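>>> predicted model, plus sequence, below.
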Amino acid sequence: MTAIIEADGLGIRFVRNRRRQLRLRELIVHRGARDPDAGRFWPLRDLSFRVEPGETVGVVGRNGTGKSTLLRLIAGVLIPDEGTIAVHGRVAPLLELSAGFSGDLTGRENLYLVGGLHGLSPAYLRRHFDEIVSFAGEQVERAIDTSVRHYSSGMKVRLGFAVIAHLPHPVLLVDEVTAVGDAEFRAKCYATIERLLAEGRTLVLVSHNDKDLTRFCRRGLYLDAGRLIVDGTIDEALAAYADAAQR
């Protein structure tokens, strides 16, 4: 079977304090001889793994170990500096759910904008418009023709989730989405993820909630200091994480 996600030697490099400008004196004294790697670090390096179609994978680790960065590499939001990441299918990213919204546009206009950015046709969005807005909840439904700048952060997340949840794409990326919103919204999140998995979608989930990870995932990747330490069952990955946290 052909893997739907393939990472080989994957790595990405960031720069701390990107806005810092060298003073004239530093430029004159060092004359370009400063360490070119100063301030640079690798949030992820040398990751290799394969995900088969229909697999459910939880990514486990402390804050700052590259979990969300990995999802953004899979989504194509970030480009690796080393190695390769290949995704054989379109991605439905439940990541930053209000990303792509324009505060100058109404909820209705943003629905078409974000849906279009993810490949949904205007005809599809027209057919499913009422369904999407209803899913987002009564608050969003009442304000759908109001500028999004007047929406609360929760309303933006609800609308973003409603749009992304209607994508037919085979790969589902989820980053702590169920930590946002009230109990009713979380219940919708859970039900939607379960429905999508029942359809055979592939899931990569980042969460600090062990119950969410064991509920949705069978396989686990445990990351530490940007390296893949454990690739096994979700229970094995969680056990390794718990053991490291106690040291």
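Now that the structure is in, tell me what you want to look at.
>>> for this structure, what spans make up the helices?
In the chain, the segments counted as helices under DSSP state H are 24-30, 67-75, 107-117, 122-136, 138-142, 153-164, 183-198, 210-216, 234-245.
>>> which positions in the fifth one come out as buried?
Of the residues in helix 138-142, those scored as buried under the neighbour-count criterion (16 or more other CB atoms under 10 Å) are Val140. Every residue, glycine included, has its C-beta placed from N, CA and C.
>>> how about stretch 52-65?
53, 55-61, 65.
>>> need these in JSON lines (columns: pLDDT and distance to Val171).
Conversion of the buried residues of stretch 52-65 to JSON lines gives the following (pLDDT from 0 to 100; distance: CB to CB, whole Å):
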{"residue": "Pro53", "pLDDT": "96", "distance to Val171": "9"}
{"residue": "Glu55", "pLDDT": "97", "distance to Val171": "10"}
{"residue": "Thr56", "pLDDT": "97", "distance to Val171": "12"}
{"residue": "Val57", "pLDDT": "98", "distance to Val171": "11"}
{"residue": "Gly58", "pLDDT": "97", "distance to Val171": "15"}
{"residue": "Val59", "pLDDT": "97", "distance to Val171": "14"}
{"residue": "Val60", "pLDDT": "96", "distance to Val171": "19"}
{"residue": "Gly61", "pLDDT": "94", "distance to Val171": "21"}
{"residue": "Thr65", "pLDDT": "88", "distance to Val171": "22"}
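>>> looking at those, which is nearest Ile12?
Of all the buried residues of stretch 52-65, Thr65 has the smallest distance to Ile12: 13.1 Å, by CB to CB.
>>> you'd agree that closest one is up against Ile229?
No - Thr65 is beyond contact range of Ile229, at 9.5 Å (criterion: CB atoms under 8 Å).
>>> list the residues that contact both of these two?
Taking CB atoms under 8 Å, 6 or more residues apart in numbering as the contact definition, Thr65 and Ile229 share the neighbouring residues Leu223.
>>> re the thing from before, switch the helices of the chain over to TSV; also include distance to Asp8 and mean pLDDT.
Formatted as TSV, the helices of the chain follow (distance: least, CB to CB, whole Å; pLDDT from 0 to 100):
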stretch	distance to Asp8	mean pLDDT
helix 24-30	37	52
helix 67-75	12	93
helix 107-117	28	92
helix 122-136	35	94
helix 138-142	41	93
helix 153-164	28	87
helix 183-198	26	87
helix 210-216	25	94
helix 234-245	21	94
